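Visitor: From the sequence below, what's the structure:
(chains A, B, C and D, ligands or ions: 6)
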Amino acid sequence: MSKLLREVIIGVEKAAKGIYRMTVASAHISSNAVPGQFVNIKCCDGTQALLRRPVSICSVDRAEGKFDLYFQVKGTGTEMLARKKSGEFLDIIGPLGNGFDLDIAHRRIAVVGGGIGIFPLLFLLNESKAVVKRSYLGFRSSEQILLLEEFRQRSTSLETATEDGSFGTKGFVTDLLERDILSEEFDMIYACGPYPMLRKVSEIAEKHGIRCQVSMEQRMGCGFGACLTCACKTYADDGTSHYVRVCSDGPVFNSKEVVFE
Amino acid sequence: MSKLLREVIIGVEKAAKGIYRMTVASAHISSNAVPGQFVNIKCCDGTQALLRRPVSICSVDRAEGKFDLYFQVKGTGTEMLARKKSGEFLDIIGPLGNGFDLDIAHRRIAVVGGGIGIFPLLFLLNESKAVVKRSYLGFRSSEQILLLEEFRQRSTSLETATEDGSFGTKGFVTDLLERDILSEEFDMIYACGPYPMLRKVSEIAEKHGIRCQVSMEQRMGCGFGACLTCACKTYADDGTSHYVRVCSDGPVFNSKEVVFE
Amino acid sequence: MRETDLSVDICGVKLKNPVIAASGTFGFGREHACYVDLNKIGGISVKGLTLRPREGNKPPRVAETPAGMLNSVGLQNPGVRHFIENEIPFLRQYSTAIIANIAGNTIEEYCEMAEILSDADIDAIELNVSCPNVKAGCVAFGNTTEGISEITSQVRKYCRKPLIVKLTPNVTSISDIAAAAEAAGADAISLINTLLGMAIDIETRRPILANNTGGLSGPAVKPVAVRMVYEVSRTVKIPVIGMGGIFTGSDAVEFLIAGASAVMVGTANLVYPDACIKVCEGIEQYMKRHGFSRVADITGSLILNT
Amino acid sequence: MRETDLSVDICGVKLKNPVIAASGTFGFGREHACYVDLNKIGGISVKGLTLRPREGNKPPRVAETPAGMLNSVGLQNPGVRHFIENEIPFLRQYSTAIIANIAGNTIEEYCEMAEILSDADIDAIELNVSCPNVKAGCVAFGNTTEGISEITSQVRKYCRKPLIVKLTPNVTSISDIAAAAEAAGADAISLINTLLGMAIDIETRRPILANNTGGLSGPAVKPVAVRMVYEVSRTVKIPVIGMGGIFTGSDAVEFLIAGASAVMVGTANLVYPDACIKVCEGIEQYMKRHGFSRVADITGSLILNT
Ligand SMILES: Cc1cc2nc3c(=O)[nH]c(=O)nc-3n(C[C@H](O)[C@H](O)[C@H](O)COP(=O)(O)OP(=O)(O)OC[C@H]3O[C@@H](n4cnc5c(N)ncnc54)[C@H](O)[C@@H]3O)c2cc1C
Ligand SMILES: Cc1cc2nc3c(=O)[nH]c(=O)nc-3n(C[C@H](O)[C@H](O)[C@H](O)COP(=O)(O)OP(=O)(O)OC[C@H]3O[C@@H](n4cnc5c(N)ncnc54)[C@H](O)[C@@H]3O)c2cc1C
Ligand SMILES: Cc1cc2nc3c(=O)[nH]c(=O)nc-3n(C[C@H](O)[C@H](O)[C@H](O)COP(=O)(O)O)c2cc1C
Ligand SMILES: Cc1cc2nc3c(=O)[nH]c(=O)nc-3n(C[C@H](O)[C@H](O)[C@H](O)COP(=O)(O)O)c2cc1C
Ligand code: FES
Ligand code: FES
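Guide: Ligands and ions are numbered 1, 2, ... in the order given. Coordinates of the predicted model:
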């Protein structure tokens, strides 16, 4: 169950160009969170960044009661987060949203992440009981790359693509998925990243009849289901489509449900 | 001449209940400021405290190129100031306003300060060449008292009044002035403090035909004369009255000029 | 020492305290129940209802702005009948007043909803004639004295519950609009709804909201809201419910002093799910500090400068 | 790589860059000259002028609000003749355009000022029909299409300078008002003036401003201003000068994209005396980054979401 929490920051450090890792002490989050869930952070007291900022939970340490976030500095809110110091309090709500379905029937899985979408997937790999776990990670350029070693340790294989070819394969991460899709016989594809990537992954999954879960992103007012701003169009069973909430009906959806517009 | 400055904070420390001292390195301020002038401080980047906050210069160290401010925490802006750390930058404009007239012809002076109005008077005592300097300081209660030793060192005599009688004479500082006014034959009274105190000091001075300078306070938009928000009504030579700017026509005025309403 | 009594009576609706959750920022209470005890909230104005279910606007539907936010939800809701069947029973578990916020495309729709809801177990109806996010319909009514008269008097015929008319701030003279609503039979006025605004992403050169424009709310609008509550409460005799940027007890007290009999808390609920309770506690502290025993004693206690 | 040309032509007034200091926030330029090179500013709209000197309202005249401020200066100024004799010679030392912002109590006063200023060495006249801080007179003109038509067409008869009409945002339909000004002979429109607001000191229960209400400006109002600039620029053919909360180059670019041909910077001048220059540099950087060679290419380049 999600709670309004005031937790202590254990540390903040730079992890890659413009990306920071924050470790937060929280018995509640670490013992309740599942992969795919996020926390919603008030980056400052007062009105400077008025709304909370949603950030995925990247890993939890249940024994020590702490969890990790990775965030990219984009604007006011994340800038203020990056300036926080260990020992300060963090005002968060969480864990929020529905996580990935990690049914043990999914024995061969693919994990497809793009940019800041890779973070919840690390948590997923930690928790997944699948036998074969193939990770495909895509980045704009080598400068944004991080957590490769962590992904490698938790995957059967890891491949990386950069748009500018500065590391790994040049091109899109979806090209790698497409290349392997026939031979690998995945039971489930898990994807998180930018909208065009998710659409492409869904198409690939659809085309090959493979089940796929995507974690969607949308601008949020509250993060816990009250304001209806974070709309995502999905199909109902009867074929009609309607808006549901990314924050509390998602962020993870079966890719077939999502109306990619 | 006033400048837009980005200076380094040397230190911030608590000086009394709710009152902080801040020392700032600034060759420009320390070598140019005169008693009665102030600096206008942007307490944070961004919109949280949008306007600058005016704070009087309390003392300057010309040799070391630094100056001291004392401020009371009242709201958003001063709260943020109190949280600043040494080594951080301070965004200030200054020195601003017209200082006290310290003509050497003023041989016997009275200095009357109330609450946060005492700070510019310390700077005045430092610079004044008067022969007799009597200081009268008033506070709400003993908790707000500070800088007594500094005032004592720089004055011929020092007397203190508190409204609740918790320190010094019980009552208003103006009572002390009134008691001494006949015997002391002051050439000039300098006053800074709350509006009712200034009005009273002006009345006393007027009644006894003693010249008096008052430092006025008003809410300010810019602090450097551009917006006309900091109005104070004054008499012109022809007896008519009109609004002038506290920030750049003041904050120090001859008490006879001011229309106390 | 006198007791501090937080209860208020707004046109016959008894609230245990003057803090009401504003429509659209509190869903139907379910989501917030996870963070706060709904029993402690004076009332809940539920998400704006329409006669038939509405799917709302395309996302993005929210953009942050300096000390505020724009929204363009566009009245997504499951329809008034679904509300009656599924949401009222949930809300009635709690001792908080239920206000049904309604919006229609035509006067007939408003009347039909008012009629349906008059038989439902709710405490009051709030007429949203001011939503800036739907193209046809409701906004037009709130913009003119004729529009507001017409809709208020028509709905009045069908409405057997206390009728609160909620005003849009996007008008030249808010007091004229309020006076028209009062004359046409409103039992109370609530204001302000959102100010129409736009935010542009300069990299894509597109408005951030898919709907292009949206409604501005939050602390940024507070001075406009306080001014309008002041103007309206001097004009009408019926109670005024004030809102716009209330985040703290002090904010709420500003509205009460300006003339509001109760307040609504909107945007703050999104950021701080326990905002209503914090605001209420803040009001209580203020009352104790200043020796007010009843909220009504603060209402309209503004001393004008002369 | 193409040159970046910052110059704009607003109804015949050539500005070296599109950034103008907004009336009332830059005095007559003297105070800011201490912090910035006035030669680098596109234009200066001077403190609102009246026919005879005006003493303005009682203090306090300013209150800070969330991401904004209220002011109630009330047009304190030395009068139009003093301006011509003492301020124009000072300002003309610099290569910046001079815009005379004028306000009157009666149409006759506006006309007389327009006539006097038409013989003065200034570049344009800005008609302030929208000041919320004076009781009689000017606000009334800006609130209705009739009022704005009447005053614009009358002043037009006496005005031999480019005529900019400055609009108040406190209206139901800003585009109707703008269309009326255009039809009556305005050469350009500037907007927005301040939103009417109030802030209350809950300890004294008095409005902070001695005048009780004041005009809201600063970042808080930006979304409303951008929306209005967008609406007006789609309605009229004459150039639009946008303002309201511009603090950075990015803010200014939002207004240009929305449809403004130039921008005015107000409140920011009070906080950062060099704001106009910083805004201008920001626009230039944006143009370089996006390959715009002329400011006019940004103007109205908004791509609406569909
Ligand atoms: C479910 C979810 C999980 C996320 N997980 C992560 C993560 O693990 N690491 C990470 O770096 N980022 C993550 N993001 C994106 C992150 O929320 C945004 O980058 C962040 O809100 C930007 O805030 P800002 O103040 O820096 O930027 P600004 O541009 O100043 O923000 C302005 C407003 O826009 C919103 N906004 C801007 N970009 C986004 C975006 N991409 N998604 C949602 N809202 C946005 C902000 O929340 C804010 O309300 C996630 C987003 C969602 C919805
Ligand atoms: C010339 C001058 C010199 C001053 N010198 C000192 C000093 O040396 N030490 C000190 O502690 N204080 C001094 N003050 C008062 C100080 O400026 C205010 O206490 C401070 O601005 C309050 O800001 P805040 O954000 O804490 O309060 P808030 O109440 O949050 O401020 C809100 C707004 O009101 C204005 N405001 C509130 N109180 C005052 C006030 N008393 N005077 C002017 N503006 C006010 C603020 O500047 C701000 O714009 C001086 C004021 C003036 C005009
Ligand atoms: C996300 C969101 C949705 C809203 N939906 C409605 C609505 O359905 N009906 C309504 O009358 N007002 C709606 N409003 C307006 C609020 O009820 C309130 O009038 C406004 O936000 C000002 O108050 P605030 O500044 O406290 O948020 C909505 C506001 C927000 C932020
Ligand atoms: C202190 C102050 C004084 C103002 N005086 C005038 C004026 O005399 N004439 C006028 O047309 N507008 C006046 N304005 C309005 C500004 O020119 C501008 O329209 C408004 O502040 C919005 O822009 P901003 O948010 O950038 O400040 C004044 C604004 C402020 C803050
Ligand atoms: S962000 Fe409020 S419902 Fe999802
Ligand atoms: S504060 Fe702007 S003129 Fe004094």
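Visitor: need the strands for the stretch 151-261 of chain A, in chain order.
Guide: In the stretch 151-261 of chain A, strands defined by DSSP state E, counting those that start in this stretch lie at A:157-162, A:169-170, A:188-192, A:212-215, A:231-235, A:241-245, A:252-254, listed in chain order.
Visitor: helices or strands next to the shortest one in the packing?
Guide: Applying 3 or more Cβ pairs under 8 Å, 6 or more residues apart in numbering or on different chains; DSSP states H and E, one finds that strand A:169-170 contacts strand A:157-162. C-beta coordinates here come from the backbone N, C-alpha and C atoms, glycine included.
Visitor: okay, now the residue in the stretch 101-250 of chain A positioned nearest to ligand 3: neighbour count?
Guide: Closest to ligand 3 within the stretch 101-250 of chain A is A:Cys227: 4.2 Å, counting by Cβ to the nearest ligand atom. Counted with other Cβ atoms under 10 Å in any protein chain shown, the neighbours of A:Cys227 add up to 28.
Visitor: And C:Asn212, by the same measure?
Guide: Neighbour tally, C:Asn212, other Cβ under 10 Å: 19.
Visitor: Tell me who's in contact with the residue of the stretch 101-250 of chain A closest to ligand 3.
Guide: Residues near A:Cys227 by Cβ atoms under 8 Å, 6 or more residues apart in numbering or on different chains: A:Gly221, C:Gly24, C:Thr25, C:Gly27, C:Val62, C:Asn71, C:Val73, C:Leu270.
Visitor: Show me the helices in the chain, by range?
Guide: Since you didn't name a chain, this refers to chain A. A:27-32, A:76-82, A:119-127, A:148-154, A:173-184, A:195-207 (DSSP state H).
Visitor: think we crossed wires, I meant chain C
Guide: Secondary structure of chain C (DSSP H): helices located at C:30-33, C:80-82, C:88-91, C:107-118, C:138-142, C:145-158, C:174-183, C:222-235, C:249-258, C:267-271, C:275-290, C:295-298.
Visitor: what comes into contact with the third one?
Guide: For helix C:88-91, the external contacting residues (Cβ under 8 Å, 6+ apart) are C:Phe28, C:Gly29, C:Arg30, C:Leu38, C:Ile44, C:Val46, C:Ile98, C:Ala120, C:Asp121, C:Ile122.
Visitor: Can you name the residues that contact A:Thr76?
Guide: A:Cys43, A:Gln48, A:Ala49, B:Gly46 are the contacts of A:Thr76 under Cβ under 8 Å, 6+ apart.
Visitor: my read: the third one touches C:Glu64, true?
Guide: Yes: here A:Ala49 reaches C:Glu64: they are 7.3 Å apart, a contact under Cβ atoms under 8 Å.
Visitor: and whichever residue of the stretch 101-250 of chain C sits closest to ligand 6, what pLDDT?
Guide: Residue nearest to ligand 6 within the stretch 101-250 of chain C (Cβ to the nearest ligand atom): C:Pro223, separated by 19.3 Å. On pLDDT, C:Pro223 comes in at 98.
Visitor: related to what we said a few turns ago, I'd like to know which of the contacts of helix C:88-91 are buried.
Guide: For the contacts of helix C:88-91, a burial check counting by 16 or more other Cβ atoms under 10 Å in any protein chain shown picks out C:Phe28, C:Gly29, C:Leu38, C:Ile44, C:Val46, C:Ile98, C:Ala120, C:Ile122.
Visitor: filter the residues you listed down to the ones close to ligand 2.
Guide: When the buried ones among the contacts of helix C:88-91 are checked against ligand 2 using Cβ under 6 Å from any ligand atom, none falls in range.
Visitor: and C:Asn305, what pLDDT?
Guide: pLDDT, read off for C:Asn305, is 97.
Visitor: Can you report how many residues lie near it?
Guide: 14.
Visitor: surely it meets D:Leu209?
Guide: Yes: counting by Cβ under 8 Å, C:Asn305 does reach D:Leu209; the two are 7.4 Å apart.
Visitor: Return every residue with contacts to both of those two.
Guide: The contact lists of C:Asn305 and D:Leu209 share no entry, where a contact means Cβ under 8 Å, 6+ apart.
Visitor: Pull the number of nearby residues for the residue of the stretch 151-261 of chain A found nearest chain B.
Guide: Going by Cβ to the nearest Cβ, chain B is nearest to A:Gly221 of the stretch 151-261 of chain A, at 19.8 Å. Residues lying near A:Gly221 (other Cβ under 10 Å) number 27.
Visitor: That one and C:Asn193: what is the separation?
Guide: For A:Gly221, the distance to C:Asn193 equals 16 Å [Cβ to Cβ, to the nearest Å].
Visitor: for A:Tyr20, same thing?
Guide: Per Cβ to Cβ, A:Tyr20 is found 39 Å from C:Asn193.
Visitor: With neighbour numbers in mind, choose between these two.
Guide: Taking other Cβ under 10 Å, A:Tyr20 and C:Asn193 do not tie; C:Asn193 has more neighbours (27 against 19).
Visitor: Now the more buried one: closest residue in space, sequence neighbours ignored.
Guide: C:Ser130 (4.0 Å; Cβ to Cβ, 6 or more residues apart in numbering or on different chains).
Visitor: just checking, the one you found touches C:Ala140?
Guide: No: here C:Ser130 lies out of contact with C:Ala140, judged by Cβ under 8 Å, at a distance of 10.1 Å.
Visitor: who's more crowded, these two?
Guide: More neighbours surround C:Ser130 than the other of C:Ser130 and C:Ala140, with 26 against 11 (other Cβ under 10 Å).
Visitor: Report the contact partners of the closest residue to chain B within the stretch 201-306 of chain C.
Guide: Closest to chain B within the stretch 201-306 of chain C is C:Ala220: 9.4 Å, counting by Cβ to the nearest Cβ. Contacts for C:Ala220 (Cβ under 8 Å, 6+ apart) come out as A:Thr47, C:Thr65, C:Pro66, C:Ala67, C:Gly68, C:Gly245, D:Pro66, D:Ala67, D:Gly68, D:Pro219, D:Ala220, D:Val221.
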